[in-house]
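**Student:** Test case, fold it:
(2 chains)
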There are 2 protein chains.
Amino acid sequence: MTILTEIAAIIGDKFVLTGQDAAPFATDWTGAYTATPRAVLRPADTGEVAAILKIAHRTATPVVPVSGHTGLTGGTLADDALMLSVDRLNTITAIDVKGRTATVGAGVILSSLHAAADEHDLIFPLTFGARGSAMIGGVLSTNAGGSNVLKYGNTRELCLGLEVVTADGRIMNLMSALHKDNSGLNLRQLMIGAEGTLGIITAAVMKLQPKPRAYATAMVAVQNLDDALMLLNILQDDTGGAVEAFEYMPRNYIDRHLALASGAEPPFATAYDVNIMVEVGATSQRDAAPDAHGQIPVVAALEDILGRMMEDGQVLDAVIAQNEAQRRKMWERREDAGEIAFQGGPFVNTDVAVPLDKISQFEAAVTPKIKAIDPDATELIVAHLGDGNIHHTTYVSRNDPDIMGRMVEAVEDVVQSLGGTFSAEHGIGVSKLDTMRRRKDPVALDAMRAVKNALDPKGILNPGKVIPD
Amino acid sequence: MTILTEIAAIIGDKFVLTGQDAAPFATDWTGAYTATPRAVLRPADTGEVAAILKIAHRTATPVVPVSGHTGLTGGTLADDALMLSVDRLNTITAIDVKGRTATVGAGVILSSLHAAADEHDLIFPLTFGARGSAMIGGVLSTNAGGSNVLKYGNTRELCLGLEVVTADGRIMNLMSALHKDNSGLNLRQLMIGAEGTLGIITAAVMKLQPKPRAYATAMVAVQNLDDALMLLNILQDDTGGAVEAFEYMPRNYIDRHLALASGAEPPFATAYDVNIMVEVGATSQRDAAPDAHGQIPVVAALEDILGRMMEDGQVLDAVIAQNEAQRRKMWERREDAGEIAFQGGPFVNTDVAVPLDKISQFEAAVTPKIKAIDPDATELIVAHLGDGNIHHTTYVSRNDPDIMGRMVEAVEDVVQSLGGTFSAEHGIGVSKLDTMRRRKDPVALDAMRAVKNALDPKGILNPGKVIPD
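**Tutor:** Below you'll find the model as predicted:
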């Protein structure tokens, strides 16, 4: 009996995809990583996941977990491996309104969790462009970030409990819903961001937050990034830390958006170099309820601050969203980033972070380095300015792996010199293995190898990812 | 040459304490755990810590790290081991005001970090009674909690970077100051809360927060815990989550405080069953600056909410601190908890957490179980109601290990039935090893053993702690 027959006997024939049925799983969203899985398995529940892992462990067969398949680093590349899709573990088991938690399967789509929380006037705050496809399993496995990290933290700050299937097919129950739980080594935090190399996440308890009753959302043009950070600090102090998003789009981002995205409109009548999308949330009635003049206090406060900074010359232009449609339009401009960055080519894309006050130094230093390698290269930047995370894309003049490799190194050299990281929120997958080898502390790499080997001694879980040999 | 001679040659004779000099290190603050270390070592810096570990690793000599020595679980018990004190690694290397981070050695005392942040109008928000002795190394190693977790999170949410010396004496550099950094397995989160069993933390980058410009602090008597939680939710929604502390002290806590703490005063003229200390912080000028009538808006808002709830009969009595002295007095009542709980005896003490809305069920269920074991036993509860963390002490009628063991089991049975944890913020040390064995998921225990063995193959780092055999 082949292992596929054995697995089919447990999860059902029609949930073992091979040949043409498995073909769509050979390539991820980027199109850059292609490999043919031996089969795609779609277990129905945690017990079936555990049964598959038991068989894989016994036979030393590689298993690559996949959920939304919209990662950007080749983390689900499954060359002759069993690809284990968690898409059928898509139940929202419970929403605890009082306790403000959601218990969810790994296959729940991020936007489904958003909708479920919304029904109870709560939010699951993590969000990014791919929310309509990304699933909780992948969100946790990559410790996804996005645009609201500034206020609510990364995925690891939003997870209270986990259920994980181990490499040898046992079920590890860490499904706590508690805000304080120090009972031994924190395996939950270890599993989050491990990209499926230490275990397969099958379920989780996620934190929910009160839903802001009103938003003040604006596009703001400023002189330079220093003034943008001043605006951020003024807003944070004024609102007690209620800034939910603070996104930087330079002039060439706006231009590219207008050229490539359908229905795109310019944010201002004039074009500016430094464009910021800012959003402040208001949870209290005092800040959110219209006053006697019909003004919403949180919006009035933003208007007031922008007005004063405009008088002082720090703010050049500003548009505040007057309704939800205008607000959505502002968000779309930012959330189209993935689409517009990955058009055209050849290009190399990075996901770096530097301390907030170093972003302008990053910009100044990186351009000459890029031009020195390829004078015709062009750049695209979009950044979560509030948390220092920059998505930098370089479009090179020809598809030359040597030039492209040197471009990545040039960007990373600048980042490293500024105390930054080569991997902020997309993870490592296969795309940054070389960088891990070059730039990560060697003692830390050794520790990662030791932990990996301890928890997956046969090396069957998402092999060849995250940790370089 | 003995290893002590060898170590003395590196760190200096006078920093190798033996005999009478080491005697004070035999017993921790609780007095419950006593063991004689072979020597107490006081290295000057990370390099010396690494040198000691290299020698310990070569000779398979146990090393027990110690910092403030005010833990409550016997986590620093060092029977014939080398006790490695980080107290000389007490430099605050940098306060980055713009980036809102502090870079500190493991020996920096928590209250010193508070003072250093305060000079820049910032706070390091983590706080608890032992802040005058607890050091950052211990705070990180136990993932300390305290009274402000509700707003700011546990220690692990407040740490951006770590420096760790490994079991074989290498220095692992994870000293990032970034808010997004997904570069491989998260060893930082693994080290935090590991109680020195996986490595010795020597330095860290901690997050700072804007200092509230004003506080509204009050003692509030309510009918019952359900009404207390209603008050918490109303306040959170009204202030956009600005509640910094929400502490529960039942009648017998107040009584015991009046009996045992010098200078203690009753919170109200009448005694009530359910007493809450609440504190709201205001960071914005709008909430913190006195209005035309000299009223501070955040205080007025609290007054207003309490007034309305008093009219509705949910709040029975309330006193708002009118100045910093009155505020400190309220905090002292709460922070005397350690002192007053650990007087008298014999007693058993637990550090449990349950979902917020289960605390009254916990109280109702636990008392009859305790009385069934020892009819003369009395209880003391003090709880961080905002995060579900209950410190429950049972004073038994005689020093009988069997009765005391059954008491702990009784409390933990109730906690487990309510979906809680037996260890919220004090850690495991040696005091909860039996509980770990009994109650922690066995698959998780196996994974902890595998990770421990991978990172400390000779088992020299704080042996016999956290993970049961």
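**Student:** And the strands in the stretch 301-450 of chain A?
**Tutor:** Using DSSP state E, counting those that start in this stretch, the strands assigned to the stretch 301-450 of chain A run over residues A:315-320, A:347-353, A:378-384, A:389-395.
**Student:** I'd like these laid out as CSV, including mean neighbour count.
**Tutor:** No exception for glycine: its C-beta is placed from N, CA and C like everyone else's. Written out in CSV, the entries for the strands of the stretch 301-450 of chain A read as follows (neighbours: other CB atoms under 10 Å in any protein chain shown):
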stretch, mean neighbour count
strand A:315-320, 19
strand A:347-353, 23
strand A:378-384, 22
strand A:389-395, 24
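**Student:** Same list (those strands) but as TSV, adding mean pLDDT and distance to chain B.
**Tutor:** Conversion of the strands of the stretch 301-450 of chain A to TSV gives the following (pLDDT from 0 to 100; distance: least, CB to the nearest CB, whole Å):
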stretch	mean pLDDT	distance to chain B
strand A:315-320	98	19
strand A:347-353	92	5
strand A:378-384	94	8
strand A:389-395	94	5
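**Student:** need these in TSV with distance to residue B:361, can you?
**Tutor:** What follows is the strands of the stretch 301-450 of chain A, written out as TSV (distance: least, CB to CB, whole Å):
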stretch	distance to residue B:361
strand A:315-320	48
strand A:347-353	44
strand A:378-384	42
strand A:389-395	43
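**Student:** Residue A:154 is nearest to which of these?
**Tutor:** Taking CB to CB as the measure, the strands of the stretch 301-450 of chain A were each checked against residue A:154, and strand A:389-395 came out nearest at 10.3 Å.
**Student:** Dump that closest one to PDB, restricted to CA.
**Tutor:** Taking Å, rounded to 0.1, in the frame of the first residue of the first chain, the C-alpha atoms of strand A:389-395 are listed here in PDB:
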ATOM      1  CA  ASN A 389       8.900  48.500   7.900                       C
ATOM      2  CA  ILE A 390       9.900  49.400   4.300                       C
ATOM      3  CA  HIS A 391       8.900  47.400   1.200                       C
ATOM      4  CA  HIS A 392      11.500  48.300  -1.400                       C
ATOM      5  CA  THR A 393      11.400  47.000  -4.900                       C
ATOM      6  CA  THR A 394      14.100  47.500  -7.500                       C
ATOM      7  CA  TYR A 395      13.200  47.100 -11.200                       C
END
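**Student:** Report the inter-axis angle for that strand versus strand A:378-384.
**Tutor:** In this structure, strand A:389-395 runs at an angle of 170 degrees to strand A:378-384, with axes from the mean of the first three to the mean of the last three CA atoms, to 10 degrees as the basis.
**Student:** What helices and strands are in contact with strand A:389-395?
**Tutor:** helix A:337-341, strand A:347-353, helix A:359-373, strand A:378-384, helix A:401-417 (3 or more CB pairs under 8 Å, 6 or more residues apart in numbering or on different chains; DSSP states H and E).
**Student:** How about the residues of the stretch 301-450 of chain A by chain B?
**Tutor:** The interface of the stretch 301-450 of chain A toward chain B, taken as CB under 8 Å from any CB of the partner chain, is made up of A:301, A:353-357, A:384, A:387-389, A:419-428, A:432, A:436, A:440-441, A:443-448, A:450.
**Student:** List buried residues within those residues.
**Tutor:** Buried by 16 or more other CB atoms under 10 Å in any protein chain shown: A:301, A:353-356, A:384, A:387-389, A:419-428, A:432, A:436, A:440-441, A:443-448, A:450, out of these.
**Student:** Remind me which helix or strand residue A:257 belongs to.
**Tutor:** When elements are assigned from DSSP states H and E, residue A:257 belongs to helix A:251-260.
**Student:** Between the two ends of stretch A:433-448, how far is it?
**Tutor:** Chord length of stretch A:433-448, first to last residue, is 13 Å (CA to CA, to the nearest Å).
**Student:** Now that stretch: average pLDDT?
**Tutor:** Along stretch A:433-448, the predicted local confidence has a mean pLDDT of 96.
**Student:** can you list the residues that contact it?
**Tutor:** Under the contact criterion CB atoms under 8 Å, 6 or more residues apart in numbering or on different chains, stretch A:433-448 has outside partners A:408, A:412, A:416, A:422-423, A:428, A:464-468, B:166, B:170-174, B:183-185, B:187, B:455.
**Student:** now stretch A:68-76
**Tutor:** Residues outside stretch A:68-76 that contact it (CB under 8 Å, 6+ apart): A:25, A:28-30, A:32-33, A:64-66, A:83, A:109-110, A:130, A:133-135, A:138, A:141-142, A:195-196, A:338, A:349, A:351, A:426-432, A:462, A:465-466.
**Student:** Identify those among those residues that sit within helices.
**Tutor:** A:110, A:138, A:141, A:338 (DSSP state H).
**Student:** Now rank the residues you listed by neighbours and give me the top one.
**Tutor:** Neighbour counts for the ones in helices among the contacts of stretch A:68-76 were taken using other CB atoms under 10 Å in any protein chain shown; the highest belongs to residue A:141, which has 31 neighbours.
**Student:** Which pLDDT value does the model give that one?
**Tutor:** Per-residue confidence at residue A:141 stands at 98 (pLDDT).
**Student:** Report the contact partners of it.
**Tutor:** Under the criterion of CB under 8 Å, 6+ apart, the neighbours of residue A:141 are A:65, A:67, A:75, A:191-196, A:201, A:427.
**Student:** Can you tell me how far it is from residue A:196?
**Tutor:** 5 Å (CB to CB, to the nearest Å).
**Student:** Mind listing the shared neighbours of the two?
**Tutor:** Shared contacts of residue A:141 and residue A:196 (CB under 8 Å, 6+ apart): A:65, A:75.
**Student:** For the stretch 1-150 of chain A, what lies in contact range of chain B?
**Tutor:** Counting by CB under 8 Å from any CB, the stretch 1-150 of chain A sits next to chain B at A:96, A:98-99, A:142-143, A:145, A:149-150.
**Student:** Could I have the PyMOL command that selects the buried members from the contacts of stretch A:68-76?
**Tutor:** The following PyMOL line selects those of these that are buried, judged by 16+ other CB under 10 Å:
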select buried, chain A and resi 25+28+29+30+32+33+64+65+66+83+109+110+130+134+135+138+141+142+195+196+338+349+351+426+427+428+429+430+431+432+462+465+466
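**Student:** quick one on the thing from earlier: from the ones in helices among the contacts of stretch A:68-76, which is closest to residue B:380?
**Tutor:** Taking CB to CB as the measure, residue B:380 sits nearest to residue A:141 out of the ones in helices among the contacts of stretch A:68-76, at 43.4 Å.
**Student:** which residues are contacting stretch A:16-23?
**Tutor:** Among residues not part of stretch A:16-23, those counted as contacts by CB under 8 Å, 6+ apart are A:4, A:7-8, A:25, A:36-42, A:83.
**Student:** farthest pair in those?
**Tutor:** Farthest pair in those (CB to CB) is A:8 and A:36. Separation: 19.0 Å.
**Student:** So between these two, which is more surrounded?
**Tutor:** Neighbours were counted for residue A:8 and for residue A:36 using other CB under 10 Å; residue A:8 has more, 18 against 15.
**Student:** can you pull out the strands in the stretch 1-150 of chain A?
**Tutor:** Ranges of strands within the stretch 1-150 of chain A are A:16-17, A:39-41, A:63-66, A:82-85, A:92-96, A:101-105, A:122-123, based on DSSP E, counting those that start in this stretch.
**Student:** so which strand or helix has the nearest residue in space to residue A:205 that is not next to it in sequence?
**Tutor:** Distances taken as CB to CB, 6 or more residues apart in numbering or on different chains place residue A:161 nearest to residue A:205, at 3.5 Å, with adjacent residues excluded. Residue A:161 is located in strand A:159-165, with elements delineated by DSSP H and E.
**Student:** nearest residue to the residue in the stretch 151-300 of chain A positioned nearest to chain B other than its sequence neighbours?
**Tutor:** At 3.5 Å from chain B, residue A:189 is the closest residue in the stretch 151-300 of chain A, using CB to the nearest CB. In space, and not counting its chain neighbours, residue A:189 is closest to residue B:189: 3.5 Å by CB to CB, 6+ apart.
**Student:** How many residues are close by that neighbour?
**Tutor:** Around residue B:189 sit 22 other residues, with neighbours defined as other CB under 10 Å.
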